[in-house]
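K.L.:
sequence and predicted model, in that order:
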Amino acid sequence: MEFNLDHSVNHRIATVATLLKRQIFRIIAENKLEITPDQWVLLYYLWDEDGLSIGELVAKSKKDFANVTRIADKLIKSGYLEKRKSEIDSRKSNLFILPKALEIKNQITKCWEESTAITLHDISEEEQQRFLKTLQKIEDNIFSANKLG
């Protein structure tokens, strides 16, 4: 069988990821929020569990260390987070939510919900669950082959 890029799972996932990122950027901009989807991801995990380290955010977000550090630094400079030395291990720092981040939580969550509603329109809960299971298998394969997990 001849290779067809349009029927390549890898290519289609990458294309959808790009389209999703554009969509959420547009929705966030329409709501006049000055935050990126990548910044939202870190805030999401910190809203859930304040005081995580960069390493913990790397594990949760599945982004690389340098990228998480860069995103966190921008959030600190923008007044959304603060960094404090760990009380347990002074070589590490933890990130904490500031009031500015709490002020946008509901707005950014609504943006994400709007994006999700657009994306999953006419896709049943069963189809979503089946798709999530397949994506998990793909993710596991990538982590295992690249020893990322």
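P.N.:
Noted; the coordinates are in hand. Predicted, not measured: the structure shown is a model, and the values here were computed from it.

K.L.:
quick check: phi and psi on Asp122?
P.N.:
Per-residue torsions, Asp122: phi 60, psi 20 (degrees, to the nearest 10).

K.L.:
quick check, pLDDT for it.
P.N.:
With respect to pLDDT, Asp122 scores 97.

K.L.:
and for it, the neighbour number?
P.N.:
Asp122: 5 surrounding residues under other CB atoms under 10 Å. (C-beta placed from N, C-alpha, C; glycine too.)

K.L.:
how far away is it from Val9?
P.N.:
22 Å (CB to CB, to the nearest Å).

K.L.:
how about Arg22?
P.N.:
According to CB to CB, Arg22 and Val9 sit 21 Å apart.

K.L.:
and Glu126, that's in a helix?
P.N.:
Yes - remark: Glu126 belongs to a helix, assigned using DSSP: H, G, I helix; E, B strand; the rest coil.

K.L.:
what pLDDT, on average, does the helix or strand where Leu95 lies get?
P.N.:
If you go by DSSP states H and E, Leu95 is part of strand 93-97. Per-region confidence: strand 93-97 scores 95 on mean pLDDT.

K.L.:
what's the first helix or strand after it?
P.N.:
Later in the chain than strand 93-97, the nearest helix or strand by DSSP H and E is helix 99-119.

K.L.:
who does that following helix touch, helix- and strand-wise?
P.N.:
Helix 99-119 sits against helix 9-30, helix 37-48, with contacts defined as 3 or more CB pairs under 8 Å, 6 or more residues apart in numbering; DSSP states H and E.

K.L.:
and it, C-alpha only, in CSV?
P.N.:
The C-alpha trace of helix 99-119 is given here as CSV (Å, rounded to 0.1, in the frame of the first residue of the first chain):
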residue,chain,number,x,y,z
PRO,A,99,-4.8,36.6,42.8
LYS,A,100,-4.5,37.7,39.2
ALA,A,101,-4.6,34.0,38.1
LEU,A,102,-7.6,33.4,40.3
GLU,A,103,-9.4,36.4,38.6
ILE,A,104,-9.2,34.8,35.2
LYS,A,105,-9.9,31.2,36.2
ASN,A,106,-13.7,31.3,35.3
GLN,A,107,-13.1,33.2,32.1
ILE,A,108,-10.4,30.9,30.8
THR,A,109,-12.4,27.8,31.8
LYS,A,110,-15.4,29.1,29.8
CYS,A,111,-13.1,29.6,26.8
TRP,A,112,-11.9,26.0,27.1
GLU,A,113,-15.5,24.8,27.4
GLU,A,114,-16.5,26.8,24.3
SER,A,115,-13.6,25.2,22.4
THR,A,116,-14.6,21.8,23.6
ALA,A,117,-18.2,22.2,22.6
ILE,A,118,-17.1,23.2,19.1
THR,A,119,-14.7,20.3,18.8
